[in-house]
Structures are given as structure tokens and as C-alpha cells.
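Colleague: No sequence on hand, only this structure:
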């Protein structure tokens with residue numbers, strides 16, 4: 001059953017009535033809606049007039065229902081805001097897309113239940129509305145693609161920009177157009193994937209990579225570099241989330257890791273803000289590729305699906 005907000009859909013929860021002993025309501029994942037259920041939770045003992053929520057999810061899909069009482073969901077796609085009231089045990093609301101939600105308890109002790117497509121992951125939450133708006137812009141205006149020869153000029157520009165390269169491991173100052181074009185020509189192979197981060201007009205904004213792909217241990221190192229004119233515009237957030245998705249969903253890797261120079265406070269602040277966790281469990285094999293190990297801070301994210 002459609003609604004007047006894209007990414008939100010009403011669902012009828014099937015009901016089996018009995019003559020003297022009430023009704024049985026039920027729904028089935030992959031039958032009544034097209035996602036698996038990996039977590040079910042419910043909110044209880046909430047006073048009338050309470051607001052909860054104030055967040056969105058990047059990837060999570062949910063089916064919400066209220067078996068007792070009445071809860072109004074104020075949902076926004078960043079442009080339009082629509083109220084949906086859950087007050088019947090035979091009605092549910094599916095949220096397919098990243099939708100901002102606030103929930104209001106119309107009746108004391110109303111019970112709000114949620115069937116979710118994935119396990120709890122704090123990194124999937126967006127808890128500030130302006131950050132949510134930025135996230136939507138990233139999805140609308142950013143994408144990854146293979147590096148192309150036309151990207152060489154804009155790549156070479158950042159290689160000569162000390163503000164971009166000063167904390168990078170390699171020295172790019174002596175690179176020329178021939179070097180860049182050769183890199184682009186060989187940018188993807190069995191062990192390495194280098195992809196262009198581009199805007200809505202297909203302009204190169206940076207490179208994001210999976211390096212040293214270890215198929216035996218199913219892990220890889222992530223690296224990213226962004227042009228100065230693309231910094232603080234959401235390209236990094238989008239590119240990192242997308243390359244991690246590719247690593248986990250397409251390459252079936254178990255872990256993605258990366259390192260940051262401890263002096264690079266801008267990058268460290270960015271990773272911490274986005275909920276990425278540092279780690280001390282990087283293998284000696286990986287560490288052997290780096291000279292100044294003491295000057296590096298390591299991060300990792302694990303694939304919980306494998």
C-alpha cells in the first residue's frame with residue numbers, strides 16, 4: 001500500500017480472528033516485504049507526549065508497527081515531511097530508504113515494535129539533521145567509477161598540492177602526466193582496485209582504493225585522497241562507505257583496514273566523527289610495508305555477514 005512519501009510504504013499485517021479468544025496477527029519476511037529480518041526490538045513504558053527518534057539510517061530497512069496504543073511518526077525525506085500514525089495492530093509501515101524520523105507518543109505506554117533488516121550498527125545512524133541533508137546530497141551527486149584517462153589532469157593537480165599530500169605515505173611531487181596516465185591504465189588488477197570519485201557532471205574529485213587484497217584472509221587496505229576543492233563536501237564519506245560496501249558485498253571480504261598519520265588531525269577527526277574504530281590487531285605482514293609504524297593510527301571495519 002503506497003504512501004505519499006517516497007521510500008515509505010504501508011503494509012497490511014495479516015490477521016486470523018477467533019470467535020472467543022482474540023486475534024492472531026503475523027507477518028513473514030521475504031513474503032510480506034522484501035528483506036530479511038535480523039533484529040526485532042520494541043519500545044515500551046513511554047509517557048504520553050514524549051518525542052523519540054531524531055535520526056535516520058544510511059542502509060537499514062525497517063517495518064514498524066504499534067500493537068498497543070498510538071504513535072505518530074513524523075517522517076522527512078529532506079524536502080517533504082509527512083505524519084504517519086500507527087494505532088492499529090494490523091497496520092505496519094515500511095521504511096525502505098534513508099528517511100529522517102521523529103516519533104511522538106499519543107497514548108501513554110504505547111508499544112512501538114520494529115523489525116529491522118540488519119543488526120545494530122552505530123555507524124549506520126545519522127543523528128544530526130544537517131548531516132542527514134549532506135548525506136542525501138552525497139548520494140545524489142557522488143558516485144564511483146573506473147579511473148579514465150581524462151582524470152589525469154585533475155589527478156596531477158592534487159599531486160602537486162602540498163596541503164593534500166603532506167601526510168600521504170608516497171612522494172607525489174615529482175610525478176608527471178606520463179606517470180599519472182600509466183597509473184590510470186593499470187589502476188585495477190587482482191590485488192588493487194583504484195576508483196575515481198566523481199561529481200554529478202563526472203568531474204574527478206579524488207581516488208578511493210582497495211589495496212593489497214588478501215583473498216586467503218579475505219581482507220584489504222583502504223586508501224583515499226580528495227582534491228582540495230572537494231574537501232568538506234561529503235565526497236569522502238560517500239566514497240568510503242561505498243568502497244567498503246564493494247569490499248563486503250562484491251568481494252566478500254571479512255575486513256577492511258587503513259592507517260592515518262598521527263599528525264593528520266583533520267583525517268582523525270573525520271574518522272572518529274563517522275564512528276570508525278581504531279585497532280591494534282594489524283598483522284606483522286601488513287606493518288612490514290610501513291617504515292614509521294609508531295607514527296600511524298590504524299582503523300578497521302569488519303564484515304558481520306561472514
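Modeller: Cool, got the structure. Bear in mind the structure is a predicted one, so any value in this text is a computation, not a measurement.
Colleague: just the strands in the stretch 51-200 of the chain please.
Modeller: Counting by DSSP state E, counting those that start in this stretch, the stretch 51-200 of the chain has strands at residues 51-57, 62-68, 71-76, 81-86, 91-95, 100-105, 111-116, 125-126, 143-146, 193-198.
Colleague: Domain boundaries for the protein, per the record?
Modeller: 8-135, 142-302 (automatic domain parsing).
Colleague: could those be laid out in CSV, adding mean neighbour count and mean pLDDT?
Modeller: Yep, even glycine has a C-beta here, placed from its N, CA and C like the rest. What follows is the domains of the chain, written out as CSV (neighbours: other Cβ atoms under 10 Å; pLDDT from 0 to 100):
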stretch, mean neighbour count, mean pLDDT
domain 8-135, 16, 94
domain 142-302, 16, 91
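Colleague: List the contacts of the closest residue to residue 137 other than its chain neighbours.
Modeller: In space, not counting the residues next to it along the chain, residue 137 is nearest to residue 234; the distance is 6.0 Å by Cβ to Cβ, 6 or more residues apart in numbering. Contacts for residue 234 were tallied using Cβ atoms under 8 Å, 6 or more residues apart in numbering; they are 134, 135, 137, 138, 142.
Colleague: strands paired with the longest strand along the chain, and their directions?
Modeller: Longest strand in the chain, counting residues (DSSP state E): strand 204-214. When pairs are called by DSSP bridges, strand 204-214 turns out to pair with strand 193-198 (antiparallel), strand 219-226 (antiparallel).
Colleague: Give me the next element, helix or strand, following the last one.
Modeller: The reference is to strand 219-226. helix 235-245 (DSSP states H and E).
Colleague: got the angle between that following helix and strand 204-214?
Modeller: With axes from the mean of the first three to the mean of the last three Cα atoms, to 10 degrees defining the directions, helix 235-245 sits at 30 degrees from strand 204-214.
Colleague: Starting from helix 235-245, tell me the next helix or strand along the chain.
Modeller: Once helix 235-245 ends, the next helix or strand along the chain (criterion: DSSP H and E) is strand 255-261.
Colleague: what helix or strand is residue 272 on?
Modeller: When elements are assigned from DSSP H and E, residue 272 belongs to helix 265-273.
Colleague: what about that helix, distance to the chain center?
Modeller: Relative to the centre of its chain, helix 265-273 is centred 16 Å away, using Cα atoms, centre = their mean, to the nearest Å.
Colleague: Please apply the same query to stretch 7-27.
Modeller: Its chain's C-alpha centre and that of stretch 7-27 lie 33 Å apart, by Cα atoms, centre = their mean.
Colleague: Between the two ends of stretch 31-47, how far is it?
Modeller: One end of stretch 31-47 sits 35 Å from the other (Cα to Cα, to the nearest Å).
Colleague: Stretch 173-181 too?
Modeller: Stretch 173-181 has an end-to-end distance of 16 Å (Cα to Cα).
Colleague: From the chain's centroid, how far away is that stretch?
Modeller: Taking Cα atoms, centre = their mean, the mean C-alpha location of stretch 173-181 is offset from the chain mean by 33 Å.
Colleague: Show me what that stretch is in contact with.
Modeller: Under the criterion Cβ under 8 Å, 6+ apart, external residues in contact with stretch 173-181 comprise 149, 152, 153, 155, 156, 159, 160, 165.
Colleague: Include distance to residue 253 when you put those into TSV, please.
Modeller: Shown next, in TSV, are these (distance: Cβ to Cβ, whole Å):
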residue	distance to residue 253
149	29
152	29
153	32
155	26
156	31
159	28
160	33
165	28
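Colleague: just those residues now: which is nearest residue 36?
Modeller: Taking Cβ to Cβ as the measure, residue 36 lies nearest residue 155 of the contacts of stretch 173-181, at 40.7 Å.
Colleague: wait, what's in contact with residue 191?
Modeller: The contact partners of residue 191, taken as Cβ under 8 Å, 6+ apart, are 211, 212, 213.
Colleague: cool, residue 61 as well?
Modeller: Under the criterion of Cβ under 8 Å, 6+ apart, the contact partners of residue 61 comprise 35, 94, 95, 96, 116, 117.
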